[in-house]
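Chemist: next input, structure requested:
(one chain, ligands or ions: 1)
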Amino acid sequence: MITFLSGGTGTPKLLQGMREHLPDAEISVVVNTAEDIWMSGNHISPDIDTVLYLYAGILDSKKWWGVHGDTFLTHKVLKDLGGEEFIAIGDRDRATHILRGAMVRRGLDLTECTRELCRLFHVQVTILPMSNTPVSTMVETSQGTMHFQEFWVKHHGLPAVRKVYRTSEKPPAASPEVVHAIQESDAVVIGPSNPITSIMPILECKGVMEALSQQRVIAVSPFIGNRPISGPAGALMEAWGMEPNSRGTYHLYQDVVNVFIQDIRDDIEVPNAFQYDTLMSENGKSGALAMYILEIINNFNSIH
Ligand code: GDP
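Modeler: Next up, the predicted model:
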């Protein structure tokens with residue numbers, strides 16, 4: 001069993017590559033939920049949805065969110081009627097959010113909702129929300145303070161970022177399932193996801209760092225030089241007080257990481273980093289990176 005810590009783009013690309021080598025049933029994915037938001041009365045969990053759709057074989061892997069070939073009729077009608085829906089939600093995608101919202105209202109926690117959705121989508125992998133406590137990533141910007149989704153989707157990531165912080169009713173704890181998955185794995189992979197909005201929310205859940213410190217942990221950088229491959233990670237790292245590069249990422253993870261992989265094109269110096277082609281621009285490349293990680297895990301004692 002290998003456990004991945006994931007957001008909704010970079011790590012899912014790596015997960016897709018890992019499917020070429022390992023059965024889904026041997027993978028657990030602990031997923032960020034700090035980007036979750038209720039919209040039009042339904043519960044969107046963007047990173048869980050991406051991982052769910054990936055394993056269900058219905059992901060729109062051009063955008064890395066939503067369902068392939070989805071239609072947007074309901075979204076269009078809602079907007080025509082004056083509804084406030086700043087995320088373009090597809091009709092099929094919305095069905096997942098309706099189901100999840102209904103389950104939450106019935107009193108299921110997010111772990112139970114996700115387990116049920118995995119069953120409905122015939123998904124073999126274990127998908128685990130990082131915590132059952134709702135958490136939101138908030139961004140303080142030149143245009144006011146807003147939820148990360150509002151910053152990234154409604155405002156297209158344009159306002160200058162001053163501060164990033166998390167809100168939750170109580171300090172989030174990792175679910176027992178998350179702690180168990182980390183403890184029982186052969187290794188944990190921190191995928192190439194946004195460190196501030198995808199990975200740190202998971203590491204901040206009580207119990208995660210402690211469990212990781214007893215594990216073999218391999219991390220893959222989402223940066224090449226001073227730029228992320230995609231998304232707002234650079235500006236968010238700076239607002240977090242970190243260098244927007246692999247070295248900054250390494251420093252965030254250094255208390256638990258054993259092997260840190262940066263891209264072969266990345267000339268930023270990172271202590272003891274391994275180098276490999278991490279740019280998963282096509283399927284074969286994610287499969288090759290996944291194989292490289294499996295070799296590290298299999299030879300862990302001799303190389304670390
Ligand atoms: P989000 O939830 O949609 O923000 O997705 P993630 O946090 O999982 O992924 C976003 C991060 O993935 C960005 O910081 C990108 O730099 C990184 N990323 C995307 N594609 C690749 C890739 O092919 N290779 C690497 N190394 N990182 C990638």
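Chemist: distance of Ile264 from the ligand?
Modeler: 11 Å (Cβ to the nearest ligand atom, to the nearest Å). C-beta coordinates here come from the backbone N, C-alpha and C atoms, glycine included.
Chemist: how many neighbours does that residue have?
Modeler: By other Cβ atoms under 10 Å, the residues close to Ile264 number 12.
Chemist: how about it, what does it touch?
Modeler: For Ile264, the contact set (Cβ atoms under 8 Å, 6 or more residues apart in numbering) comprises 275-278.
Chemist: with Gly69 instead?
Modeler: Asp60.
Chemist: assign it to helix, strand or coil.
Modeler: coil (DSSP: H, G, I helix; E, B strand; the rest coil).
Chemist: now the phi/psi pair for it, please.
Modeler: phi 70, psi 20 (degrees, to the nearest 10).
Chemist: strands of the stretch 51-200 of the chain, residue ranges please.
Modeler: 126-129, 135-141, 144-147, 161-168, 187-190 (DSSP state E, counting those that start in this stretch).
Chemist: mind putting those into a markdown table with distance to the ligand and mean neighbour count?
Modeler: A markdown table is the format used below for the strands of the stretch 51-200 of the chain (distance: least, Cβ to the nearest ligand atom, whole Å; neighbours: other Cβ atoms under 10 Å):
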| stretch | distance to the ligand | mean neighbour count |
| --- | --- | --- |
| strand 126-129 | 14 | 25 |
| strand 135-141 | 10 | 21 |
| strand 144-147 | 14 | 14 |
| strand 161-168 | 13 | 15 |
| strand 187-190 | 11 | 26 |
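Chemist: export these as TSV, with columns for distance to His304.
Modeler: TSV is the format used below for the strands of the stretch 51-200 of the chain (distance: least, Cβ to Cβ, whole Å):
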stretch	distance to His304
strand 126-129	26
strand 135-141	32
strand 144-147	39
strand 161-168	32
strand 187-190	11
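Chemist: in CSV, list those strands along with mean pLDDT.
Modeler: Formatted as CSV, these follow (pLDDT from 0 to 100):
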stretch, mean pLDDT
strand 126-129, 98
strand 135-141, 98
strand 144-147, 98
strand 161-168, 98
strand 187-190, 98
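Chemist: if I look at Ser175, how far off is Val217?
Modeler: 19 Å (Cβ to Cβ, to the nearest Å).
Chemist: closest to Asp60 out of the strands of the stretch 51-200 of the chain?
Modeler: Closest approach to Asp60 among the strands of the stretch 51-200 of the chain (Cβ to Cβ): strand 126-129, 17.9 Å.
Chemist: and the closest one, what does it pack onto?
Modeler: strand 27-31, helix 46-56, helix 110-120, helix 176-184 (3 or more Cβ pairs under 8 Å, 6 or more residues apart in numbering; DSSP states H and E).
Chemist: pick the most deeply packed of these.
Modeler: Most buried of the helices and strands packed on strand 126-129, by mean neighbour count (mean count of other Cβ atoms under 10 Å): strand 27-31, with a mean of 26.
Chemist: output that one as PDB - backbone C-alpha positions only.
Modeler: C-alpha atoms of strand 27-31 as PDB (Å, rounded to 0.1, in the frame of the first residue of the first chain):
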ATOM      1  CA  ILE A  27      -3.400   3.000  -3.200                       C
ATOM      2  CA  SER A  28      -4.800   5.400  -0.600                       C
ATOM      3  CA  VAL A  29      -5.200   9.100  -1.400                       C
ATOM      4  CA  VAL A  30      -5.500  11.600   1.400                       C
ATOM      5  CA  VAL A  31      -7.100  14.600  -0.200                       C
END
